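Participant: sequence first, predicted model second:
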Amino acid sequence: MASTPFIIVAIDGGAASGKSSSSRTLSERFDLLHVDTGSYYRALTAELLRLGLKPDNLPAILAALPGLQFGTRLNGRSAEMEIGGRVAGEEIRSREVNDQVSHFAAIPELRAALLAYQRGLAGVAREHHYRGLVMEGRDIGSVIFPQADLRFFLFADAGERERRRAGQGLQDQIRERDRIDSSRKTSPLTCPPGAIAIDTTHASLDQVVEQMAAAIAAKLGAS
Ligand code: DC
């Protein structure tokens, strides 16, 4: 009997485009390890701010990065990133982190520090006998896993995304973050060629998930 293939699903998109809700639902449905890479950039931002560093202090950031030890803690189906043995808490959603994270994320050396760690999570998913990995972010289908079995790119009207954030009681400069994330030189937010682009502006979570699930099921059926 053929064994079930291990699959990698990449989901990219701007803030509040529907990545987190859909990737969590898909992780349950297909028994995939869930990785929210935005939370990793946020945790790293919170840690650097805690050390008193600002994104424009490049020499100090470069000096600090090698001393940060990344680890992984599994929480349900999610792979959380530890920095120095600790998983960051709610501070990663703070106003200060929202304001600074895109500036830190534009630093190539900081992205390079996370690249191998993120790729290594496919091994963690295999070790723990998941059927695969679903990773969400900005550069997953373009840079981290360009050979992913499925690559999705979610997008939605900015006004609708602001309403979603406000509905969650969160204040977030999503237009400004998207502007910085899309215009940076290293690994900008972009829909990679060949990715399945889904407009979530007027779609319910169920509709988005069903469209993605059908593509995943077709892939599994075909392999
Ligand atoms: O998904 P999020 O809004 O929590 O991500 C926070 C920030 O992290 C986002 O504005 C840009 C950065 N990010 C990135 O540059 N690359 C990723 N793969 C994920 C997030």
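Facilitator: Nice, I can see it. Numbering: from 1, shown residues only.
Participant: distance check, residue 74 against residue 124.
Facilitator: 8 Å (Cβ to Cβ, to the nearest Å). From N, CA and C alone the C-beta is placed, and that goes for glycine too.
Participant: quick check: residues of this structure near the ligand?
Facilitator: The chain comes close to the ligand at residues 15, 37-38, 41-42, 101-102, 105, 137-140, 177, 181, as judged by Cβ under 6 Å from any ligand atom.
Participant: got a markdown table for those, with neighbour count too?
Facilitator: Formatted as a markdown table, those follow (neighbours: other Cβ atoms under 10 Å):
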| residue | neighbour count |
| --- | --- |
| 15 | 25 |
| 37 | 24 |
| 38 | 19 |
| 41 | 23 |
| 42 | 23 |
| 101 | 23 |
| 102 | 24 |
| 105 | 28 |
| 137 | 27 |
| 138 | 28 |
| 139 | 24 |
| 140 | 29 |
| 177 | 22 |
| 181 | 23 |
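Participant: show me the residue at the heart of the protein, geometrically.
Facilitator: In the chain, the residue lying closest to the centroid (Cα atoms, centre = their mean) is residue 137, at 2.6 Å.
Participant: thought it was touching residue 42?
Facilitator: No: in this structure residue 137 lies outside contact range of residue 42 using Cβ atoms under 8 Å: 11.4 Å.
Participant: hey, what's in contact with both of the two?
Facilitator: Residues touching both residue 137 and residue 42 (Cβ atoms under 8 Å, 6 or more residues apart in numbering): there are none.
Participant: tell me, how many residues neighbour residue 148?
Facilitator: Number of residues near residue 148 (other Cβ atoms under 10 Å) recorded here: 22.
Participant: tell me the contacts of it?
Facilitator: 8, 9, 10, 140, 141 are the contacts of residue 148 under Cβ under 8 Å, 6+ apart.
Participant: name the element the first one belongs to?
Facilitator: The one in question is residue 8. In this structure, residue 8 is located in strand 7-13 according to DSSP states H and E.
Participant: in the helix or strand following that strand, what's buried?
Facilitator: Proceeding N to C from strand 7-13, the next assigned helix or strand is helix 19-30, under DSSP H and E. Neighbour counts over helix 19-30 (16 or more other Cβ atoms under 10 Å) mark 19, 20, 22, 23, 24, 25, 26, 27, 30 as buried.
Participant: against residue 213, how distant is the fourth one?
Facilitator: The one in question is residue 23. In terms of Cβ to Cβ, residue 23 sits 12 Å off from residue 213.
Participant: likewise for the fifth one?
Facilitator: Residue 24 sits 13 Å away from residue 213 when distances are taken as Cβ to Cβ.
Participant: again, but for the first one
Facilitator: For residue 19, the distance to residue 213 under the criterion Cβ to Cβ works out to 15 Å.
Participant: just to revisit the earlier point, so what sits against both of residue 74 and residue 124?
Facilitator: With Cβ under 8 Å, 6+ apart, residue 74 and residue 124 have common neighbours residue 33.
Participant: what's the pLDDT at residue 223?
Facilitator: Per-residue pLDDT puts residue 223 at 66.
Participant: now the angle from the longest helix seen in the chain to strand 7-13?
Facilitator: Counting by DSSP state H, the longest helix found in the chain is helix 108-127. On the basis of axes from the mean of the first three to the mean of the last three Cα atoms, to 10 degrees, helix 108-127 is oriented at 140 degrees to strand 7-13.
Participant: got the buried residues for helix 108-127?
Facilitator: Buried, per 16+ other Cβ under 10 Å, within helix 108-127: 110, 111, 113, 114, 118, 121, 122, 125.
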